[in-house]
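Chemist: I'll drop the sequence and a predicted model, then ask my questions.
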Amino acid sequence: MKKLILLSALLIFACSNDAEQQNPDPVQITIDQLDGYVQKGPYIGGTQIQVSPLNSDLTQTGTNYNAQIENDQGFFSIENIVVNSNYVLFSGIGYYFNEITGGLSASTLSLQTLSNIENRNSLNINVLTHLERKRVEYLHTENGLSFGEAKTQAINEIFDIFCMSDVSSIESENLNILESGENNAKLLAISIILQGNLSVGDLSELLFDISSDIETDGVLNDVPTINYLRDIAAGISNVPGLETIRSNIESRMEFLEITEYTVPDFENFIVNFLECNSGAPEIYNYVEVSDITATSANFFTGALANSAETTITLEYGLTENYGSSVEALESPINGVNLVDINFEITDLSTTEIGNQYFFRVKAENSNGVVYSNYDTNSFNTLGLLIDIEGNEYNTVKIGEQYWMSSNLKTTTYNNGLEISNPLDTGSYTGAITNISSFEQNAAFLENDNGQLVPKQGLWQETIGVGVLGSYAVIELNFEDGFVTDTNVIDGGHNWVDGSYYILEDPATNLVTLNFTGDDVLDDGLWLYYENNPELNEIYGKWYDGNVINRRAVIDGELVNIDSNLEICPEGWRVPLPSDISELGNYLGSEDGNNPGSQWFNVSDNLVVGGDSGFDAYGNGYVVFVAAQFRQDNDFGERANFWFKGISPSDGDPYGRFHFSTPPNNNQTLGISGGGSPDTGYCIRCIKE
């Protein structure tokens, strides 16, 4: 530990007599010994002490004595000084310990004490003695108060400025921040408030302004100065904080090896000062509503407590009468600094298309109640949609449309019919499940050692080509050349309702195999990309084209028929090309060269985090008829969704709307043909 450097009491009696200033009634008073401390925080050794005897009217005699502080506690001792009256002005000019920073001041500060030294053997120099000097002089010389009365009135007036209780009789030069007691705590609190985070120069100016302001009426009239003091007090209460200031003082005392010392309870006086100068609360004119779901939302704003404990409340409801409220996470607040305010609401009511909620922020303290005046006073919640299986989806309003904000997950149509997964059934879309009828006009024959004889038993046939290039493997049971039974071994794909096949024998006998709608797997299929069920939460399911449209052979012609199976929740549907057109026109601009099928500057609104809330991921696509095609198909790069109807761009009945997703920066929304029912895209439903 650093040892104290004790300076010998250096008394420099530099008496200077001004012949032009004579005391009309000289009195010889000898100060045998007078001890004391110079304190802002304690001044350090080497600080200059100037003793200036005064006349009875408190004017200067022209005589000055100089001494120095003996140690870093700010202690000085004066001996054998002769003065001409009981009134003496003491001045200390030097460096001091700054309790705010925990270090020494960067430059010197001058403090003074005006005192009646009659019957005194000690006095201190501090900020209170400095602030009261001009006021004491005025009360004594102009108002005729005794010196003691002037001292008591002046210090109580200063206590009033700092919202501290009056005392019946006290002299500020008796107070000492190195001692306990209520009044010493007041001195320390005032000393800390005045110091704040000011430089020595700014502190010196502040002391001068206050002492000059209160000189004639004892009242601090300058409102900016009052507010400045309040701001300083609030500032140090937050940074570095009152606990840190106390710790700084305790550390300094330990450094000075002062063991029998307890820091006075200054904190309560600073808090009381802030509350005394408090005002009505203020609400920052900005609000951010975020993380909106169907049932919850978060709010961010700011508020000023203005030095009084303030309750911050959010009022909200389906009308501007509100009806519900929640207190801020930070409430109650205090101090003078702007405080970040956050609210969390988790009890919002739900509908399929969401609700409009109105809100305002209320701030209340002992000085008044204020309400927010934001540019916006409402927000829309997401809707909550539930499908036949109980899967939940948020919905969002985009323009005048309501869309699901996540991909469809169901594996069941609204009528309860389940949609198959080919990995479970082993069959792809358009597979034959049965052969409902067949006609034969003659026996099928086979060559048996050069002889044509009727076929007998089980024969396996691969049938193919067909209207759509279909194929399948079937088993036929023959008796005397006639088919008695059929069995599908491999249903193949690409068969549709009304498909037929003619099987020829060597003798040109024909068998016509007919398939009904019930015999062909055309109720739709679903898959996960890469068969990974963990993708369901974000991407939902990939559906084949039969979920959207159907094809059939009617009178020998391949035609498209609308599926009568609804996959979207009741009241919602797969979008039409016209719906995509409305979406594109609302969010972007239509490509004049491709009207109705392409829009610019759109997709950044549709991807996750975009302004529209559509929140699409790059789901790519799958191909149902080949396992190797279920991966690496635009996944993470493009979003593809089925629409219902004929593509305006190419007339394809299996249409999709699509756009790029990050990191691809192409912002175009487009409509294209999907190609075939074997392709799989995701589905976003729109409200009817």
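Modeler: Received the coordinates, thanks. Residues are numbered from 1 along each chain as shown.

Chemist: Please report how far residue 193 lies from residue 676.
Modeler: With distances taken as C-beta to C-beta, to the nearest Å, residue 193 is found 81 Å from residue 676. In short, each C-beta sits where N, CA and C put it, glycine included.

Chemist: An error on my part: the question was meant for residue 223.
Modeler: Counting by C-beta to C-beta, the gap from residue 223 to residue 676 is 81 Å.

Chemist: Those two: which has the busier surroundings?
Modeler: residue 676 (20 against 8; other C-beta atoms under 10 Å).

Chemist: tell me the contacts of the more buried one?
Modeler: Residue 676 makes contacts with 545, 654, as judged by C-beta atoms under 8 Å, 6 or more residues apart in numbering.

Chemist: Assign it to helix, strand or coil.
Modeler: Following DSSP: H, G, I helix; E, B strand; the rest coil, residue 676 is assigned to coil.

Chemist: how close does it get to residue 155?
Modeler: Counting by C-beta to C-beta, the separation of residue 676 from residue 155 is 96 Å.

Chemist: in what helix or strand does residue 110 lie?
Modeler: When elements are assigned from DSSP states H and E, residue 110 belongs to strand 109-116.

Chemist: partners of that strand in the sheet?
Modeler: When pairing is defined by DSSP bridges, strand 109-116 lines up against strand 87-94 (antiparallel).

Chemist: Partner strands of the helix or strand just after the partner strand, with direction?
Modeler: Next along the chain after strand 87-94, taking DSSP H and E as the criterion, comes strand 97-98. Strands that pair with strand 97-98, judged by DSSP bridges, come out as strand 103-104 (antiparallel).

Chemist: any idea which helix or strand comes after the helix or strand hosting residue 66?
Modeler: Assigned by DSSP H and E, residue 66 belongs to strand 65-68. Once strand 65-68 ends, the next helix or strand along the chain (criterion: DSSP H and E) is strand 75-83.

Chemist: For that following strand, which helices and strands make contact with it?
Modeler: Judged by 3 or more C-beta pairs under 8 Å, 6 or more residues apart in numbering; DSSP states H and E, the packing partners of strand 75-83 are strand 11-12, strand 29-37, strand 48-53, strand 65-68.

Chemist: Now find how far off-centre that strand is within its chain.
Modeler: Strand 75-83 has its C-alpha centroid displaced from the chain centroid by 64 Å (C-alpha atoms, centre = their mean, to the nearest Å).

Chemist: what about the nearest residue to residue 661 once chain neighbours are set aside, distance to residue 664?
Modeler: Nearest residue to residue 661, sequence neighbours excluded (C-beta to C-beta, 6 or more residues apart in numbering): residue 618, at 3.7 Å. Residue 618 sits at a distance of 8 Å from residue 664 (criterion: C-beta to C-beta).

Chemist: which of the two has more neighbours?
Modeler: Per other C-beta under 10 Å, whichever of residue 618 and residue 664 has more neighbours is residue 618, with 20 against 15.

Chemist: ok, the more buried one - contacts?
Modeler: By C-beta under 8 Å, 6+ apart, the contact list for residue 618 reads 634, 635, 636, 637, 638, 639, 660, 661, 662.

Chemist: How many residues are close by residue 409?
Modeler: Applying other C-beta under 10 Å, we find 19 residues neighbouring residue 409.

Chemist: Residue 517 too?
Modeler: Burial measure for residue 517: 15 neighbouring residues, criterion other C-beta under 10 Å.

Chemist: before we move on, could you check phi and psi at it?
Modeler: When read as degrees, to the nearest 10, the backbone of residue 517 gives phi -60, psi -30.

Chemist: Now do the same for it: its pLDDT.
Modeler: The score at residue 517 is 83. That number is its pLDDT.

Chemist: do the same with residue 34
Modeler: As predicted, residue 34 sits at a pLDDT of 93.

Chemist: Give the buried residues for stretch 480-500.
Modeler: 481, 483, 486, 488, 491-499 (16 or more other C-beta atoms under 10 Å).

Chemist: tell me how far the ends of it are from each other?
Modeler: 24 Å (C-alpha to C-alpha, to the nearest Å).

Chemist: Ok, stretch 652-664 next?
Modeler: Using C-alpha to C-alpha, first and last residues of stretch 652-664 are 26 Å apart.

Chemist: Distance from the chain centre to that stretch, please.
Modeler: Computed by C-alpha atoms, centre = their mean, the chain-centroid distance of stretch 652-664 equals 34 Å.

Chemist: What's the mean pLDDT across it?
Modeler: The pLDDT scores in stretch 652-664 average 87.

Chemist: ok, back up a step: identify, from the buried residues of stretch 480-500, the entry nearest to residue 432.
Modeler: Here the nearest of the buried residues of stretch 480-500 to residue 432, counting by C-beta to C-beta, is residue 491; it sits at 4.4 Å.

Chemist: got a list of what the closest residue in space to that closest one that isn't next to it in sequence touches?
Modeler: Nearest residue to residue 491, sequence neighbours excluded (C-beta to C-beta, 6+ apart): residue 431, at 3.1 Å. Residue 431 sits next to 472, 491, 492, 493, 495, 520, 521 when contact means C-beta under 8 Å, 6+ apart.

Chemist: Might one say that the third one is in contact with residue 469?
Modeler: No. Using C-beta atoms under 8 Å, residue 492 makes no contact with residue 469, being 10.2 Å away.

Chemist: Sketch out the low-pLDDT regions of this protein for me.
Modeler: Along the chain, segments meeting pLDDT under 70 span 1-27, 465-468, 506-508, 563, 626-633, 674.

Chemist: Residue 457 - nearest residue in space that isn't next to it in sequence?
Modeler: That would be residue 478: by C-beta to C-beta, 6+ apart, it lies 6.3 Å from residue 457.

Chemist: Give the buried residues for the helix or strand residue 402 falls within.
Modeler: Using DSSP H and E, residue 402 maps to strand 401-404. For strand 401-404, a neighbour-count test (16+ other C-beta under 10 Å) marks 402, 403, 404 as buried.
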